[in-house]
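1. coordinates only, no sequence provided:
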Ligand SMILES: *[C@@H]1O[C@H](CO)[C@@H](O)[C@H](O)[C@H]1NC(C)=O
Ligand SMILES: *[C@@H]1O[C@H](CO)[C@@H](O)[C@H](O)[C@H]1NC(C)=O
Ligand SMILES: [Zn+2]
């Protein structure tokens, strides 16, 4: 018999020997329940060609030919672009392919020639957040949970350690600007949120996005410290960024100037930004952004919503929508940065993949992943792979899972077309934890509800979670890295997340670490 059987028999013995609680059900020894015979697919396969070996052989031959003809690109990267899908784990990528048209589809960046895996743990946590990982993939240094742009000496909320400049670490954006390149950032979240602020901020707590929150966190110690929005306008790095596009207007205004403003210091940081230089341009609508003339723009600040920008599906559904898409922001950012002769560094975040996963809204998470894919596609189209390195990755995963044996081509959001031992169907997409727990589990009868009956099919439908939590958590497994352009071949293998900016800096010959230019002349 199989190894699997022996394994399960062994597990049963160990359980008995330890005198642990006897499981209610016997260990599974039955091959049929492990790999059940399933009803035949009602639908024809995507292509009847898949039933032939000729199809698979030909596809493999083509891929091999592409790989064999690939010439390593060891040019110096003039431009470097880092795309981040926040919370975009591997299960999200796989499900997103089904969402965009079928399992055999590829997201735009899955066409990139080189792929690796990034290890995401932080200095203090096995499963990290978007703040410490931003420090890692932008500043090249792992840090503590909740902190941004500071080293591991700074614990979350430690105002005194944050004040000590020798604890500050700087991003690839600064390294690029110090070498004469321009830098910019684009996000669908608040521009002061954890991921984008890794480009320019140093803070012991990701929440200190405006002066009120900083003062609440540090009390008297807030004196002399700057909140994240202030650091974007006046900080050593923020004040030099050429493009800043996203949401988060509320952190830049006292309510005196904007009714949703959250500052309490009587300031209007947007007006201050415009007053700093005649070339500084502020836009707050999609229409205005699309009209920005790159050659006539000095620095560009675009804030398109009070908080995070809306989900792409919400933008589509709103006839009054005047927020740009991630693709539109990315294209405009590149247009503006391209006017710089020495090249640029651009950070682009699809930030709402993470936010929808936290709410167990898998449909939206996959749609936001598709939006990121469109933005990457556009960036690859309007730049030259001979001189522009594009890296696409994620900061961490989620507890999201794609389970069961649903037929090819079936609706990934539908039923797994099989029942649990409680004779109720289950959904292929689910989470290990999250707020949807008691929507799908009847806490009075201690039975699952039928998820197919409860599933609304709407974009904001929740997907089942196994443990009740207010907010679904991040996941700790490795995330993928996709690379295209100069030195993209460096990004293969399994490595620490904080290596990413060092490899990008190597390709562009910026920063004080190893660079391609040094090794060429040595
Ligand atoms: C600042 O931090 C450095 C190293 O992290 C430490 O050596 C130094 O004593 C600190 N300075 C103050 C004033 O705390
Ligand atoms: C942008 O401005 C430049 C310089 O003023 C001008 O030559 C160009 O035609 C403008 N482009 C557009 C699309 O208006
Ligand atoms: Zn998150």
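-> Good, I have the coordinates. Keep in mind it's a predicted model, so treat the numbers as computed, not measured. Ligands and ions are numbered 1, 2, ... in the order given.

2. quick check: the gap between the nearest residue to residue 508 once chain neighbours are set aside and residue 379.
-> Excluding its sequence neighbours, the residue lying closest to residue 508 (Cβ to Cβ, 6 or more residues apart in numbering) is residue 77, at 4.3 Å. Every residue, glycine included, has its C-beta placed from N, CA and C. Computed with Cβ to Cβ, to the nearest Å, the distance linking residue 77 and residue 379 is 14 Å.

3. same deal with residue 300?
-> Between residue 300 and residue 379 the distance is 17 Å, computed by Cβ to Cβ.

4. pull the contacting residues for the residue nearest to residue 508.
-> Going by Cβ atoms under 8 Å, 6 or more residues apart in numbering, residue 77 touches 343, 387-389, 485-487, 504, 507-508.

5. interface residues of the protein facing ligand 2?
-> Contact residues (Cβ under 6 Å from any ligand atom) of the chain with ligand 2: 293, 295-296.

6. now the residues you listed in TSV, please, with extra columns for pLDDT and secondary structure.
-> Compiled in TSV, the residues of the chain next to ligand 2 are given as follows (pLDDT from 0 to 100; DSSP: H, G, I helix; E, B strand; the rest coil):
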residue	pLDDT	secondary structure
293	97	coil
295	95	helix
296	93	helix
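
7. rounded mean pLDDT for the helix or strand encompassing residue 287, please.
-> Using DSSP states H and E, residue 287 falls within helix 286-291. The average pLDDT within helix 286-291 is 98.

8. same check on stretch 199-215?
-> Model confidence over stretch 199-215, given as mean pLDDT, is 98.

9. any idea how far apart the tips of it sit?
-> Between the start and the finish of stretch 199-215 there is a gap of 23 Å, counting by Cα to Cα, to the nearest Å.

10. is ligand 1 contacted by that stretch?
-> No. Taking Cβ under 6 Å from any ligand atom as the criterion, stretch 199-215 and ligand 1 are apart, separated by no less than 12.8 Å.

11. the longest helix belonging to the chain: what's the following helix or strand?
-> If you go by DSSP state H, the chain has its longest helix at helix 362-382. Scanning the chain past helix 362-382 towards its C-terminal end, the next helix or strand to appear is strand 388-394 (assignment: DSSP H and E).

12. just send the contacts of residue 77 back as CSV, with pLDDT and neighbour count too.
-> What follows is the contacts of residue 77, written out as CSV (pLDDT from 0 to 100; neighbours: other Cβ atoms under 10 Å):
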residue, pLDDT, neighbour count
343, 98, 21
387, 98, 16
388, 98, 25
389, 98, 29
485, 98, 26
486, 98, 26
487, 98, 22
504, 98, 30
507, 98, 25
508, 98, 29
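
13. who does residue 484 bridge with?
-> Partner residues in beta bridges with residue 484: residue 390, with DSSP bridges as the criterion.

14. ditto for the one 10 residues further on
-> Per DSSP bridges, the residues bridged to residue 494 are residue 117.

15. over to residue 184?
-> Beta-bridge pairing for residue 184 (DSSP bridges): residue 243, residue 346.

16. isn't it right up against residue 337?
-> Yes. Taking Cβ atoms under 8 Å as the contact criterion, residue 184 and residue 337 are neighbours in contact, 5.5 Å apart.

17. quickly list what's touching both of the two.
-> With Cβ under 8 Å, 6+ apart as the test, residue 184 and residue 337 both reach 242-243, 344, 346.

18. show me the shaky parts of the protein.
-> With pLDDT under 70 as the threshold, the chain has low-confidence stretches at 1-28, 38-47, 520-522.
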